[in-house]
Each structure stands twice: as C-alpha cells, then as structure tokens.
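J.: Just need the structure, nothing else, for what follows:
(chains A and B)
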Amino acid sequence: MSADELTTDLWAPLRASTQARIGLGRAGMSLPTSAVLELQEALAAARDAVHVPLDVPALLPGLADLGLGEPIVLASQAPDRSVYLRRPDLGRAPAGLDGLPAGDWDLALVIADGLSSKAVSEHAIPTLAALLAGFDPSWTVAPPVLVTQARVAIGDWIGQALGAKTVLVLVGERPGLSVADSLGIYLTHAPKPGRTDAERNCISNIHPPEGLSYAAAAATAIHLIRGARALGVSGVALKDTGSITEIAP
Amino acid sequence: MFAQQSVNGHSYQFDSLVELMAKATPKRSGDELAGAAASSEAERAAAQRALAEVELCTFLNEAVVPYESDEITRLIIDSHSADAFAPVSHLTVGGFRDWLLEVISRPDPSATLTALAPGLTPEMVAAVSKIMRNSDLIAVARACRVTSAFRTTLGLPGRLATRLQPNHPTDDLRGVAASILDGLLLGQGDAVVGINPAGDSPQVAADLLGMLDEIRTGYQIPMQSCVLAHITTTIGLIEAGAPVDLVFQSIGGTEGTNTSFGVNIDLLREGMAAGQSLGRGTVGNNLMYFETGQGSSLSAGAHLGTGGHPVDQQTLEARAYGLAREFSPLLLNTVVGFIGPEYLYDGKQIIRAGLEDHFCGKLLGVPMGVDVCYTNHAEADFDDMDTLLTLLAAAGVNFVITVPGADDVMLGYQSLAYHDALVIRHALGLRPAPEFEKWLTSQGIADPDGTVRGLELAGSPLLSLTGVAR
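T.: Numbers count the residues shown, from 1 in each chain, chains lettered A, B, ... in the order given. Okay, the predicted model is just below:
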C-alpha cells in the first residue's frame, strides 16, 4: 500500500462523521486536481439550485393530508428570482393576504421557499408531521400557508393576519457546495411586521441523514414554543436549554 | 445644501454629509437597495470630488448618525482624542489621502499611524477610503501595525494567521474534531479554532468548549478557542465554569443594528469583564472576538442617519470598528461576502469591500481579519476569492478564515480552503504566529525554517485527536 492509499484509509472512518471535505491530500501545498474539479462541479450545482422554482402543486396534497385544513398559497412582492435576490424587502412582504382565516390560533405554520426549493420539497412535510406529532393537543393550529419568493419576515405578516400567538416559518436555506437541501425553522412569538432577528429563534440545518433529524428539530421547536408561551417573548431572551443528547431520537 | 460640484458640464447638489458620503461610495448593490447610491457614474465622480474638499474637522461637528439617539456615535465623539488628531486637523479628506500616502513612504510609518488612530473617527476613515483606489487601500493598510495577543501573538509583520473553522451541521463532536485534525495537519488555527454552533443550546456550546480545551491541553497547542455563541450565552457559560477563551459577538455600526443582534455597549462590557475574570491568556489578554459585515444595518432596517437619510453601508461598517476598538479585541473579521448579493453583488464588489474594510479597521487600530468568502447566490467564484486573498495578504491582513476544501458544510457558503493559506504563505513568504509556528515545527507540520508544508495523517501523533470526541 502506498503512503497515499494508507492516508486515504485513515481518513475514511472520520468521513463517516462529517460531510466536510477533509483529507483531500495535497499537490505540493495546493489542492490536488481531483479536489479542484469536484469543487467546480459542486459550485455549478449549488448555483443552479438557487434558481429552481418551487413545485407548489406537488406539495399541496401532502400539506392537506396534515389535517389542518386546506393549505393557503401566497406569494411575496418579488415577482421573480432575479428581483428576489436583489430586493430582500420585497421577499419579506406579501403580495396579498387573501384567504387567511383570522382566528385565535396558538400556532401558524408558514412554509417559504427561501433560497432552496429543494429543501422545502424534500423536508417541509416530514418536518411538519414531526412537529404536529409533538404539539400539545390543546394547541390550535391554523391551516398551513405556503409562500413563494419569500423570506423569513413574511411570517410576521401572515402570523399577524391569522391572529396567531406564535409563528413557525420553515424556509429553504441557501445551498452550499455539499448541502443543497437544508431547511431552517424560525420561531417568532407575537408576530407582527417590524419584528427583528433578535426576536426570533432559529433551528437550522434540517436535512437528514447528515443534518438534523425531523424529530430532533421538532423537539427543539416544541421546547422553544413552550418557552416562548411561558415567557411571552421569543429571541435572545429565550434559550434552548434542552440538551441535544436528551432530545435526539 | 451641503455641497455642490460640477463634473463634465453638469452641476450636482448634495444636501447633507450623509448623502454626499453615500453618493461618493464605489458602486454596490446594498447602497442601491437602500436608495442611497449615486444615480450615475458622473454623480459618483462629482460626489467624490466634493467629498475630497470636506474638512476632516467637519466630521467632529456633523454626525452621520445622531449623537442623541445612537450610543455608538456618543462613544465615537466622547472618546475622540484631539491631541492625536492634531497632525491632520487642518486637512481636507483629499489632503488626508495625500498625507497618508506621503507618511507611508517614510521610514517606520507604523508609529505615526498608531499614534494617529485615536484621533480618527470611523466617518473620517470611511470618507478617505471612498476616494482611494484599491492600491492605496493596500499600501496604507500594509503600513499599519495592529498587534494583539492571548496565547499567540497576531498582527506581527511577515505573519499571516488563520481561524480554523470546523463547523458541523449538528455540532457533532467527532465530526468537528475531524475537521480540526485536518486543519492542524495543514498548519491552520493560529488566530483561533472557532466554531459557529449550528444550534442555540448552551449545553452543546459547553460540550464543544470542553472538547476544544482537551485538544489544546492534550497536545499542548499554543492556541485559543471560541464557540461563536451569542454573548449572553457565553456569559452564562463562564458563570457555569466552562473553559471560555474568547468572548464572541456579531456587532454593527448603529445602536439599532446592535439592538437587532440583542446587544449593546453595556452588555459587551459585561461579557469582556466575565472573560477577563478567568485570566486564561498567556502572552496577552485581548479576548474579545467580533464579526461584522457591510449590509448588516440595512438588513436590520437600522441604517438611517441624520435627517432620516440612509447611510451608506461602508460608513456604517467602519462605525462598527469604532465600537470594536473600545474593547481591545484579539480578533475582528468582516465576513465580507457572507451576507449575499443584495449587499455586495459580485466578485468585484466583494473584493473592493474586503479591501475597504481591512483598511478602515487597521487605520482605526483594530486587529483586522477577513473572511474571504461568497455565497452561491452571488456572482462570484473561487477565482475572485484567490484574488482577494492575494490582495489582503499583500495588505498585511492579520488573519483569514479557512475551512476544509473551502466548503462550510454548516453555514452553506464558501470561505478559503486550508490549502489556500498554505499557498499564499509560501508565495509571499508569510509565516504563522510565532508561538504556533514553534508547535508546528515540533510536530513536523512546519520545516525548521518555518515553512508550513502540512503533514500526512499517518505520520502524526495527532492521529489520536478525534478520540477526544466521545
């Protein structure tokens, strides 16, 4: 076995614990040709992923099957991807709020494409199912709202229009070179336009099997919902005091 | 009207200092988004000429963000040193550029520039940067010397340090340890081994800090570690007895930006005092670590200045350095291409912003590093990052951030690869921090002459390192 092959062998068990590009070897001090070419391919794939539109019709049956009522589809004020990327203000504001059933909901669930439609297509419904399985039976949950060309703060408008105490926004996180399907959950208590990022809690990197599992993400979210309801606020004042080891499946 | 300027037969009027500075700023998407940018190249050129004629003293009398409503403005004005300012107090912005370029042509310019720093406000430094070309920004920054120390000494001439960033999407200890191992074998981590935690859990942060401390003590590595949690989390961890080296916080250039981050000056002071109470530094006790980036204020809707006019993002970024220097940090890095194309659209804008940020921070006396990085929705690529790294290394940047294969698998963006730092150190004859370099040599990772070549895993005692992760 050559020195190179021996080195490759030693890294193999470590690669099982991370997707990071470890043990790439060296050409002198530089990245070897194979690693450079792989990076170019991954960059091309990630840049393309940003522009793939969300397949809304494909998601609606799964959302309806959650048993929360017919899903409502909205759009932000950003008409297309090009404008969305340049105008975050338009991605935060809804084009309209028609069809939202105002009520005294404990929770609103908003699904936003964000920067990765793939993350939403693959992980939104299983994540919602895991959340619903852990919700307190006494909590009232509004019908799910699906929004396109949307950023996190659009949930403030939707949550307020619904009259929800707490809003969870499930959003596609920007595609990386190795992970193009990462989903995040942002929790905002007492949602209304003008809330700042310091008033939100975030659970990121939901993309099993490598990233956070649905169950672990849901457990953390439910812990934070309970905390927000008790404290009356979300954000930096609210800590995830549960240990990951306690809540991992 | 604040200023009037004719260019190419057209006359342009600028109603306020805020408007003039914004319109004099080299083109970038964030200022266009804010409605602050010049509407044409001719208006930008007119604004630059008009800004060059503004007296530096003007910045002491006309606040870009109101003194009454912004604690950073109060800090800047109240801590300004008239004595340090005296050598340049008679100059205009344009005259100041000439003065800087003349000073750096003399022997030992760093002493002159270090003495000047307390006399400069962020707005003065931002203003002069707007009429400087990239080569000016590089040449002047290179002449500034800002050193800081904890267990390693950073910012010494001829040195380039790195933050080893071993992020993991679930904060898995073994996965993090594997990325640390890879980085150490490639000579990385002399600025800090710093983890962005994926979650907010204080328990996870404590577990990561415990592992970092075991690695450091187990292999006797002269290094500092950091888990980049919110400062309130870190204060709680210190109270709970966790081994905290550095106290981290993201900051911005207006009080409102920092409110959106959940911090203020008092809280930063509290965090710094908590960190200092542990007395863990060996060769120094600079222990604050800040991250900043152009666009954070606009992103938080906290970018409006005097008269309700939008302040350009580069001036606000410089104000964040004005806040940071109050805390004598070990590290500050601008995360220059991280925030996205709505603030810096493409490689050209990212490169320009990286050089501006480094220049402004150094001239204000901040130990600047840069996260040379971009996201996959920006118009940039690896070549742009190679260019920016080379320019920053020439400009004497204290440290850059490196990750395995340039790919941060948790934050979803590209920073530099561990290899990139090896290549630029070798190309430009730069060395790691001296304390860390000795350790690298003892491990066979660096040659006796300090050249860091890296080491294969099979030949290293570090092979057992990931066993620390349980």
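
J.: and the residue of chain B found nearest chain A, how many neighbours does it have?
T.: At 2.7 Å from chain A, residue B:405 is the closest residue in chain B, using C-beta to the nearest C-beta. Any C-beta I mention is one placed from the backbone N, CA and C, and that applies to glycine too. Neighbourhood size, residue B:405 [other C-beta atoms under 10 Å in any protein chain shown]: 25.

J.: Check residue B:69 too.
T.: 14.

J.: and what of residue B:172?
T.: Counted with other C-beta under 10 Å, residues neighbouring residue B:172 total 16.

J.: Now it. Nearest residue, chain neighbours left out?
T.: The spatial neighbour of residue B:172 that comes closest, neighbours along the chain excluded (C-beta to C-beta, 6 or more residues apart in numbering or on different chains), is residue A:17 at 5.9 Å.

J.: give the contact list for the one you found.
T.: Going by C-beta atoms under 8 Å, 6 or more residues apart in numbering or on different chains, residue A:17 touches B:172, B:174-175, B:178, B:466.

J.: so how far is residue B:283 from it?
T.: Noted for residue A:17: a distance of 33 Å to residue B:283, by C-beta to C-beta, to the nearest Å.

J.: picking up where we left off before, what's the helix or strand for the residue nearest to residue B:172?
T.: Using DSSP states H and E, residue A:17 sits in no helix or strand.

J.: The one 3 residues further on now?
T.: Counting by DSSP H and E, there is no helix or strand that carries residue A:20.

J.: per-residue pLDDT, the nearest residue to it once chain neighbours are set aside?
T.: Distances taken as C-beta to C-beta, 6+ apart put residue B:404 closest to residue A:20, at 4.3 Å, once the chain neighbours are dropped. According to the prediction, residue B:404 has pLDDT 98.

J.: I figured residue B:404 hits residue B:418, correct?
T.: Yes: with contact defined as C-beta atoms under 8 Å, residue B:404 reaches residue B:418; the gap is 6.4 Å.

J.: tell me the pLDDT at residue A:28?
T.: So, for residue A:28, pLDDT stands at 94.

J.: what about it, neighbour count?
T.: Residue A:28 is flanked by 12 other residues according to other C-beta under 10 Å.

J.: got it, and residue A:37?
T.: Residue A:37 has 11 nearby residues by other C-beta under 10 Å.

J.: That one: what secondary structure?
T.: Secondary structure state of residue A:37, per DSSP: H, G, I helix; E, B strand; the rest coil, is helix.

J.: which residues of the stretch 351-470 of chain B score low on pLDDT?
T.: B:468-470 (pLDDT under 70).

J.: Per-residue pLDDT of the residue nearest to residue B:172, please?
T.: So, for residue A:17, pLDDT stands at 94.

J.: Residue B:281 now?
T.: 98.

J.: So it lies in a strand, does it not?
T.: No: counting by three-state DSSP, residue B:281 falls outside a strand, being coil.

J.: Excluding covalently adjacent residues, which one is nearest to it?
T.: In space, and not counting its chain neighbours, residue B:281 is closest to residue B:150: 4.4 Å by C-beta to C-beta, 6+ apart.

J.: which residues does that neighbour contact?
T.: With C-beta under 8 Å, 6+ apart, residue B:150 has these contacts: B:224, B:245-246, B:280-287, B:330.

J.: And those, which of them are buried?
T.: Taking 16 or more other C-beta atoms under 10 Å in any protein chain shown as the criterion, what is buried in the contacts of residue B:150 is B:224, B:245-246, B:280-281, B:284-287, B:330.

J.: So which of the residues you listed are in helices?
T.: Assigned to helices by DSSP state H, none of the buried ones among the contacts of residue B:150 qualify.

J.: Adding distance to residue A:177, write those out as a markdown table.
T.: Shown next, in a markdown table, are the buried ones among the contacts of residue B:150 (distance: C-beta to C-beta, whole Å):
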| residue | distance to residue A:177 |
| --- | --- |
| B:224 | 28 |
| B:245 | 30 |
| B:246 | 28 |
| B:280 | 35 |
| B:281 | 36 |
| B:284 | 36 |
| B:285 | 38 |
| B:286 | 34 |
| B:287 | 33 |
| B:330 | 30 |
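
J.: what about stretch A:93-106, average pLDDT?
T.: Averaging pLDDT along stretch A:93-106 yields 96.

J.: Hmm, I typed the wrong one, I wanted stretch A:53-64.
T.: Mean predicted confidence for stretch A:53-64 is 97.

J.: Not counting sequence-adjacent ones, nearest residue to residue B:45?
T.: residue B:7 (5.2 Å).

J.: list the contacts for that neighbour?
T.: With C-beta under 8 Å, 6+ apart, residue B:7 has these contacts: B:42-43, B:45-46, B:49.

J.: try it again with 7 Å
T.: By C-beta atoms under 7 Å, 6 or more residues apart in numbering or on different chains, the contact set of residue B:7 is B:42, B:45-46, B:49.

J.: can you map out the helices along chain A?
T.: Under DSSP H, chain A gives helices at A:3-15, A:33-50, A:56-64, A:81-86, A:88-92, A:117-134, A:154-162, A:214-231, A:244-247.

J.: Would you mind putting those into JSON lines with distance to chain B alongside?
T.: As requested, the helices of chain A are exported to JSON lines (distance: least, C-beta to the nearest C-beta, whole Å):
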{"stretch": "helix A:3-15", "distance to chain B": "4"}
{"stretch": "helix A:33-50", "distance to chain B": "4"}
{"stretch": "helix A:56-64", "distance to chain B": "21"}
{"stretch": "helix A:81-86", "distance to chain B": "6"}
{"stretch": "helix A:88-92", "distance to chain B": "5"}
{"stretch": "helix A:117-134", "distance to chain B": "10"}
{"stretch": "helix A:154-162", "distance to chain B": "12"}
{"stretch": "helix A:214-231", "distance to chain B": "7"}
{"stretch": "helix A:244-247", "distance to chain B": "5"}
